[in-house]
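K.L.:
can't give you the sequence, but here's the structure:
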């Protein structure tokens, strides 16, 4: 074998398995496996501590990425946090990725869309509500991020200008079919994507604007059948 990882001497214990000894350890692959197994058997406590440290490290990365608190109730106790499948497809996903491996999978796959952080109580409540209504309880902020992640995956070269131009097209289509909920949904999806690209938190912006609107006086304009606020 012409490979500088091996020094060419055959291991007498495993000649029938290739048996070339590694330059770095002086052992063949099979001897290396045996040595590792012996070390693991002898250092079970250390192995458990290492595994626990690795789990905690990954858990901290997950918490940092998803904001460190339950999206529904705001609790920030890491001991009661769990990763939630937003679209209620957790049972199907766990056929491929066991629950114990979800943190590693999320990190390895660069945090794909469809996940958030919930406490155990809220996780139970939202999926109970999903079973009753068929749609997940989800904050506007999370929906905005999910829309943008989906758009990133499908339209990676888009920018705020192209999204705005597409929005104008969709507004015209909605105007032709104002009772079509799917057309209105297209408009909202583009608004949320545009907001994310521009760094606008729509949930915060709407809350702030409603705080202003609540304290305004409004009058009806019969010429165009709209309500206008009284200018101060």
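P.N.:
Cool, the structure landed. Because the structure is predicted, anything quoted here is derived from the model rather than measured.
K.L.:
Model confidence at residue 6, what's the number?
P.N.:
pLDDT for residue 6: 52.
K.L.:
again but with residue 119, I slipped
P.N.:
For residue 119, pLDDT reads 94.
K.L.:
which other helices and strands contact whichever helix in the chain runs longest?
P.N.:
If you go by DSSP state H, the chain has its longest helix at helix 44-65. Here helix 44-65 touches helix 102-108, going by 3 or more Cβ pairs under 8 Å, 6 or more residues apart in numbering; DSSP states H and E. The way it works is simple: take the backbone N, C-alpha and C, and place the C-beta from them, glycine included.
K.L.:
who are the neighbours of the following helix or strand past the longest helix of the chain, in terms of helices and strands?
P.N.:
Using DSSP states H and E, the next helix or strand after helix 44-65 towards the C-terminus is strand 81-85. When contacts are defined as 3+ Cβ pairs under 8 Å, 6+ apart, strand 81-85 packs onto helix 102-108, strand 115-119, helix 120-133.
K.L.:
Can you name the next helix or strand after strand 81-85?
P.N.:
helix 90-93.
K.L.:
Now do the buried residues in that following helix.
P.N.:
The neighbour-count check on helix 90-93 (16 or more other Cβ atoms under 10 Å) flags 90, 93 as buried.
K.L.:
What mean pLDDT does it get?
P.N.:
88.
K.L.:
now do stretch 219-232
P.N.:
So the average pLDDT for stretch 219-232 ends up being 90.
K.L.:
one step back: any idea how far the longest helix of the chain is from the middle of the chain?
P.N.:
20 Å (Cα atoms, centre = their mean, to the nearest Å).
K.L.:
domain assignment for this protein?
P.N.:
With domains defined by automatic domain parsing, the chain comprises 8-43, 56-138, 139-232.
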